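[1] coords please:
(one chain, ligands or ions: 2)
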Amino acid sequence: MSLTRLSVNVNAIAQLRNRRNLPWPSVTGLSAIALEAGAYGITVHPRPDERHIRRTDVFELVELLRGDWPDKEFNIEGYPTEEFLVLCERARPDQVTLVPDDPGQSTSDHGWDTVAHAAMLTDVVTRIHGFGARVSLFVDADPVAAEGAAKVGAERVEFYTGPYGHTFDAAVQSAELAKLVTAAKAATAAGLALNAGHDLTLTNLPPLVAAIPEIAEVSIGHALTADALVYGMAETVRRYRAACGEA
Ligand SMILES: CC(=O)[C@@H](O)[C@H](O)COP(=O)(O)O
Ligand SMILES: NCC(=O)COP(=O)(O)O
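    Ligands and ions are numbered 1, 2, ... in the order given. Take a look at the predicted model:
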């Protein structure tokens, strides 16, 4: 049985809901189905413009998780503005994943320069630890960035798997996987636990987990939501858990 746990990112469900001033599809309703099907946790990325996850979603998910699923994890991702940190302080997630996104970015597409931002990240990590959450830093497949994450006090890195996940060129995908393996070794040597995410799918997830079995958590949203439109959320979560190698 694999160590790798699945955290379902529900951004895309919120984005579909926001098309109309109506409460469906329900972020908490589909999160509950995912948790019932064995997802280890729920991930959200409340962006400043609330294009998908709203602050209200965050607190409704806190109520669901802490009320009905106390053994499951809540992971909140975002750029550490004061507003974001206050939100996390109030929501008290199990994990905060810091992502170096500008407000206007269409999606996350790079990791932290943990050397250049060491002073700021050290302060933010300390503040997040102050309210009891674990910190994961979103980084590229770069040993230096991973080692820098350990130096600022993070417990984990989340490797940005976009370059691996969104290519359709087998040679490029193989080269990107090799970069992830190298960076994972450096991160593990630095004492970090490993997360991974972005553009992971039922197809590219098994080779990633096979190459880096020590990955503790994958957070998956876009492709998982697309698959849920075909197979339903419960069956989709079961398929992604199997792709993670979970029994
Ligand atoms: C950090 C990351 O890669 C994703 O978790 C992020 O949540 C994607 O954001 P969007 O769902 O807004 O594209
Ligand atoms: N951190 C990655 C995540 O939460 C979801 O990314 P994606 O599967 O929507 O690309």
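
[2] who does the helix or strand where Ser7 lies pair up with?
    Following DSSP states H and E, one finds Ser7 within strand 5-9. Strand 5-9 has its sheet partners listed here by DSSP bridges as strand 41-44 (parallel), strand 215-220 (parallel).

[3] Not counting the last one itself, show me its contacts.
    The reference is to strand 215-220. 3-9, 40-41, 43, 73, 75, 77, 97, 156, 158, 184, 193-197, 200, 205, 208-209, 240, 244 (CB atoms under 8 Å, 6 or more residues apart in numbering). C-betas here are computed from N, CA, C, even on glycine.

[4] Same question for the first one.
    Strand 41-44 is contacted by residues 5-11, 14, 31, 34-35, 53, 57-58, 61, 65, 72-77, 94, 97, 197, 217, 219, 221 when judged by CB under 8 Å, 6+ apart.

[5] If any of the residues you listed are buried, put those into a PyMOL selection.
    Selection of buried members from the contacts of strand 41-44 for PyMOL, criterion 16 or more other CB atoms under 10 Å:
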select buried, resi 5+6+7+8+9+10+11+14+31+34+35+53+57+58+61+65+72+73+74+75+76+77+97+197+217+219+221
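
[6] Of the contacts of strand 41-44, which belong to helices?
    Per DSSP state H, helices hold the following members of those: 11, 14, 31, 34-35, 57-58, 61, 65.

[7] so what pLDDT did the most centrally placed residue in the chain get?
    With distances taken as CA atoms, centre = their mean, Ser219 lies nearest the centre of the chain, 3.9 Å away. In this prediction, Ser219 carries a pLDDT score of 98.

[8] Likewise for Ala247?
    On pLDDT, Ala247 comes in at 70.

[9] on contacts alone, who are the packing partners of the helix ranked longest in the chain?
    Counting by DSSP H, the longest helix found in the chain is helix 170-189. Secondary-structure packing of helix 170-189 (3 or more CB pairs under 8 Å, 6 or more residues apart in numbering; DSSP states H and E): helix 143-151, strand 156-160, helix 162-165, strand 193-197, helix 205-211.
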